[in-house]
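Peer 1: Just the structure for this:
(2 chains)
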Amino acid sequence: GQNIDQPTEMTATEGAIVQINCTYQTSGFNGLFWYQQHAGEAPTFLSYNVLDGLEEKGRFSSFLSRSKGYSYLLLKELQMKDSASYLCALPTTDSWGKLQFGAGTQVVVTP
Amino acid sequence: KAGVTQTPRYLIKTRGQQVTLSCSPISGHRSVSWYQQTPGQGLQFLFEYFSETQRNKGNFPGRFSGRQFSNSRSEMNVSTLELGDSALYLCASSGPGQGPYEQYFGPGTRLTVT
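Peer 2: Sure, this is the predicted structure:
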C-alpha cells in the first residue's frame, strides 16, 4: 500500500519562498508527481521526479530523496496567482494511470 | 490540441437514480482515468481504462462502473445514487503508450445528489 502526508495549509507573503513537504511510504516506487489545483478548477501537472535531487522549472523546483521517502515543492517569488492547493501523488507500479494523491496543501499568498 | 472534455459540467440527481458521465481524452491518448474529489476524502482513484480494457479499479462499490470505447472516449456510470456520491468527478487522460506520462485533467462534472 501507499501512504502520503502533506501539511494542510501554509501561508506566505507575496514575493517570498514557500516549501511544501511531502512524505510517503510505498511498497514500490515509480516516481512522484506534483500537481497544482486552483479552487474550482482541474489539477494541472507541475513536476515529476523519479531520481534523487532537485529539478528546477522556472519559479518552481521539486526535490526528491527516495531513501527518506521525502519530496518537496519549492515555490519562489510567490505571486497572488500561486494561491492554490498543491498535491503530491504517487503512481502505482503497475499503471501510470492510477495515482494516489495526498490530501493537498493549501497555499495562501497574502499581499 | 484540444484538452480533456467532460460532459455534463453540472448535474443534480435524486437518491436512487443513476447517472452517466462522459469524458473525451486528448487526441492520441489511450489511457483514461477517473477520480472522485470530495472535501473530506480528497482525490480518490476510481478506475483506469487503456485500449478499452479496465486496467485498474479503486476501492469503490460495484455501483460505480465505467467503460472505454474504441476512440478512447470513456463513460462512467453510478447506479442507485446515494447522498455521499455528491462530488466532483474528474477524468484524466495520458498517453499514447505505457508511460511515464503526466495526466491531463478535464474540468470535471460536479454531481449533486439530493
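Peer 1: what residue ranges in the chain score low on pLDDT?
Peer 2: Assuming you mean chain A. In the prediction, chain A carries residues with pLDDT under 70 at positions A:1.
Peer 1: actually chain B
Peer 2: Checking chain B against pLDDT under 70 turns up B:1, B:97-99.
Peer 1: Am I right that A:Gly69 is in contact with A:Tyr24?
Peer 2: Yes - contact criterion C-beta atoms under 8 Å: A:Gly69 and A:Tyr24 qualify, at 5.1 Å. C-beta coordinates here come from the backbone N, C-alpha and C atoms, glycine included.
Peer 1: Strands of chain B, start to end?
Peer 2: Shown for chain B, the strands assigned by DSSP state E span residues B:5-7, B:10-13, B:19-24, B:31-38, B:42-50, B:53-57, B:64-68, B:74-78, B:87-94, B:104-105, B:109-113.
Peer 1: which residues pair with A:Tyr35 across the strands?
Peer 2: Assessed by DSSP bridges, A:Tyr35 has beta-bridge partners A:Phe45, A:Leu87.
Peer 1: what's near enough to touch it?
Peer 2: Taking C-beta atoms under 8 Å, 6 or more residues apart in numbering or on different chains as the criterion, A:Tyr35 is in contact with A:43-46, A:86-87, A:89, A:101.
Peer 1: Please list only the buried members of those.
Peer 2: The neighbour-count criterion (16 or more other C-beta atoms under 10 Å in any protein chain shown) marks A:43, A:45-46, A:86-87, A:89, A:101 among these as buried.
Peer 1: Identify the residues contacting the residue nearest the centre of chain B.
Peer 2: Chain B has B:Trp34 as the residue nearest its centroid, 3.2 Å off, counting by C-alpha atoms, centre = their mean. If you count contacts by C-beta under 8 Å, 6+ apart, B:Trp34 has them with B:23, B:45-48, B:66, B:74, B:76, B:89-92.
Peer 1: what's the spacing between stretch A:18-27 and its chain's center?
Peer 2: With C-alpha atoms, centre = their mean, to the nearest Å as the basis, stretch A:18-27 stands 8 Å off its chain's centre.
Peer 1: Count the neighbours of residue 66 for me.
Peer 2: No chain was given, so I picked chain A. By the criterion of other C-beta atoms under 10 Å in any protein chain shown, A:Arg66 has 16 neighbours.
Peer 1: think we crossed wires, I meant chain B
Peer 2: When neighbours are counted by other C-beta under 10 Å, B:Gly66 comes out with 22.
Peer 1: now, among the contacts of A:Tyr35, which is nearest to A:Gly28?
Peer 2: The closest of the contacts of A:Tyr35 to A:Gly28 turns out to be A:Ala89 (C-beta to C-beta; 14.8 Å).
Peer 1: tell me the angle of the helix or strand containing the closest one relative to strand B:87-94?
Peer 2: In the assignment (DSSP states H and E), A:Ala89 maps to strand A:84-91. Orientation check (axes from the mean of the first three to the mean of the last three C-alpha atoms, to 10 degrees): strand A:84-91 against strand B:87-94 gives 60 degrees.
Peer 1: Quick check: which helices or strands does strand A:84-91 pack against?
Peer 2: Using 3 or more C-beta pairs under 8 Å, 6 or more residues apart in numbering or on different chains; DSSP states H and E, the elements in contact with strand A:84-91 are strand A:2-5, strand A:18-26, strand A:32-37, strand A:70-75, strand A:99-101, strand A:105-110.
Peer 1: That concludes my questions; thank you for your assistance.
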